[in-house]
Every structure is written in structure tokens, then in C-alpha cells.
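A.B. asks: got a sequence here, can you build the structure:
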Amino acid sequence: MKSVARLLLFLNFCMYAIVVGISAWATNTAIDHGFIIGPELRLPAHFSSMAFPMGNASTGFFVMFALIAGVAGMASAISGLNHLRYWDSDSLSAASSVAAIAWTLTLLAMGFACKEIENHLTNPRLVS
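C.D. replies: Modelled structure (predicted):
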């Protein structure tokens with residue numbers, strides 16, 4: 001039973017590490033190629049700090065919450081491995097609470113992904 005749980009926790013950690021890697025790349029791309037303004041110019045009226053140079057209006061929210069959910073999920077997997085090591089009620093409560101937080105953040109990021117799909121408004125630079 002513990003070996004199966006250890007394998008699933010390892011796969012969960014790898015999945016969240018991939019999510020963190022992709023979200024970090026998207027955030028870095030948005031910072032490097034985002035809105036650039038000179039010192040003599042003013043910000044546009046509808047400027048948003050969550051505006052990404054790729055995707056649509058909900059991409060920034062999706063990427064930020066995916067990054068947060070990925071970090072919480074990686075912490076959840078580490079806490080789960082700690083519970084497997086000690087296997088008592090004290091470590092169970094810590095592991096399950098971190099897992100619940102990571103799960104809800106993942107659902108929130110999934111909601112923003114669904115909103116991004118629903119919007120249909122994409123950046124003209126995204127060509128398939």
C-alpha cells in the first residue's frame with residue numbers, strides 16, 4: 001500500500017513540477033515581451049498588470065493561479081511523503097490540509113482555463 005502511494009505521490013510531484021515550469025516560462029515571457037513604455041509616455045486607459053502578450057484576457061490569471069497551484073501541489077506531495085515516512089495522525093492532518101489547499105487552487109486554475117477557452121478572443125500573433 002505504501003509503495004503504491006509513494007509512486008502516486010512521485011507522479012503527482014512530477015505533474016506539478018511540469019505545471020510550475022510551464023507557468024514560470026509563460027510569466028518570464030510576459031515580463032520580457034510584455035507592455036513596454038518609455039519614461040515620457042503614459043499608461044493606456046485600460047492597462048492591466050495581468051495582460052499577457054499571448055492568449056486572451058484571462059491568460060494572465062490562469063498562468064498566475066497555475067503557478068501558485070503548482071507550488072502548493074509540490075508542497076502537498078512533499079508533505080504526503082513525510083506522512084508516508086511517519087504514518088501517524090499528526091502527519092495525516094498536515095498532509096491532508098495541504099492537499100486540500102492544493103486541490104482547490106488547481107480547481108481555481110482550471111476554472112480560469114475554461115474561461116480562456118470560452119472567450120474565443122485570441123491574440124492575432126497566435127497562429128496554428
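
A.B. asks: give me every residue that touches the residue most central in space within the chain.
C.D. replies: By Cα atoms, centre = their mean, the chain has its centre lying nearest to A66, at 1.4 Å. By Cβ atoms under 8 Å, 6 or more residues apart in numbering, the contact set of A66 is 19, 22-23, 109, 112-113. All C-beta spots, glycine's among them, are computed from the backbone N, C-alpha and C.

A.B. asks: what is the nearest of those residues to S79?
C.D. replies: V19 (17.3 Å; Cβ to Cβ).

A.B. asks: which SS class is the closest one?
C.D. replies: Assigned with DSSP: H, G, I helix; E, B strand; the rest coil, V19 falls in the helix class.

A.B. asks: please report the distance of A51 from L92.
C.D. replies: As judged by Cβ to Cβ, to the nearest Å, A51 and L92 stand 43 Å apart.

A.B. asks: farthest pair in the contacts of A66?
C.D. replies: Between all members of the contacts of A66, the farthest pair (by Cβ to Cβ) comes out as I22 and F112, at 14.3 Å.

A.B. asks: what about these two, which has more around it?
C.D. replies: When I22 and F112 are compared for neighbours, F112 comes out ahead with 18 against 14, by other Cβ atoms under 10 Å.

A.B. asks: please identify which helix or strand holds that one.
C.D. replies: helix 89-119 (DSSP states H and E).

A.B. asks: so which elements touch that helix?
C.D. replies: Applying 3 or more Cβ pairs under 8 Å, 6 or more residues apart in numbering; DSSP states H and E, we find helix 89-119 packed against helix 59-86.

A.B. asks: name the residues of the helix it packs on that are buried.
C.D. replies: For helix 59-86, the neighbour count (16 or more other Cβ atoms under 10 Å) marks 59-77, 79-81, 83-84 as buried.

A.B. asks: for this structure, which spans come out with low pLDDT?
C.D. replies: For the chain, the stretches with pLDDT under 70 are 35-36, 43-49, 121-128.
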